[in-house]
Every structure is written in C-alpha cells, then in structure tokens.
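Novice: Sharing a model prediction with you, sequence too.
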Amino acid sequence: MTYSGRERHRDRDGRKRELVDEPAPLGRVFRITDEERQAIAECLRYIDEARREIQNQQNAANREIIRELKASADRIFEVINNLEEIETS
C-alpha cells in the first residue's frame, strides 16, 4: 500500500477521546438499535472475560485493574439497561 503523504485525521491527535464527567444537556434524545445493544453486550462480555483472566493470575498488583474493569462494565450495563424507550412516529 502506498502512502499519500497527507496527514490523516487519526494521525493528528494521538490521544484517545476521553469522556468528560459532566451532565448531558437536558432534552437530548438518543436512539440505540437492538444491533448496537448487542454489540455493546458483546464488548461487555470481552471486558468481563479479560477481568476473569487477570483475576486468575492472582497477582496483587492487578487488584485495582480488576476492580475498575468490573465497575466499568457494571456501569455501562446499568446505563444501557436504564435507557428509556421512545416512541417513533
């Protein structure tokens, strides 16, 4: 594959986008399809599987990582399950 020499968008900023812990504006509506929900569930399963693998290593240095992986997956699961269904017109 040849390189065009142009700077790609992903090359400009090496940082990953970070979520900001500030409340979302009121009145915003988001839609999520069943397919997207299933994709998120699959990602949560991967996170849980990774957590179990790390936990099985029984390394005390990994306790914080294990705790954060579990808390993060639980929080995502909670948010997805608490999404309100909206009527489509």
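Specialist: Alright, I've got the coordinates. Residues are numbered from 1 along each chain as shown.
Novice: Give me the neighbour count for I47.
Specialist: Neighbours of I47 under the rule other CB atoms under 10 Å: 17. From N, CA and C alone the C-beta is placed, and that goes for glycine too.
Novice: oh, I was asking about R51
Specialist: R51: 19 neighbours (other CB under 10 Å).
Novice: Helix or strand for the residue nearest to it when sequence neighbours are not counted, just tell me which one.
Specialist: The spatially closest residue to R51, leaving aside those adjacent along the chain, is L69, at 4.1 Å (CB to CB, 6 or more residues apart in numbering). Counting by DSSP states H and E, the element that carries L69 is helix 63-81.
Novice: List the contacts of that helix.
Specialist: I32, R37, I40, A41, L44, I47, D48, A50, R51, I54, Q55 (CB atoms under 8 Å, 6 or more residues apart in numbering).
Novice: mind running it again at 7 Å?
Specialist: R37, I40, L44, I47, D48, A50, R51, I54, Q55 (CB atoms under 7 Å, 6 or more residues apart in numbering).
Novice: For the helix or strand encompassing the second one, name the packing helices and strands.
Specialist: Following DSSP H and E, one finds I40 within helix 34-56. Other helices and strands packing on helix 34-56, by 3 or more CB pairs under 7 Å, 6 or more residues apart in numbering; DSSP states H and E, are helix 63-81.
Novice: Next, the angle from the helix it packs on to helix 34-56.
Specialist: 160 degrees (axes from the mean of the first three to the mean of the last three CA atoms, to 10 degrees).
Novice: 776 is where my numbering starts, stick with that
Specialist: I'll keep to 776 as the first residue from here, and by that count the last item is helix 838-856.
Novice: on that earlier part again, out of the contacts of helix 838-856, who's the most crowded?
Specialist: Compared across the contacts of helix 838-856, R826 has the highest neighbour count, 19 neighbours, by other CB under 10 Å.
Novice: Let me see the contact set for that one.
Specialist: R826 is in contact with I841, L844, K845, counting by CB under 7 Å, 6+ apart.
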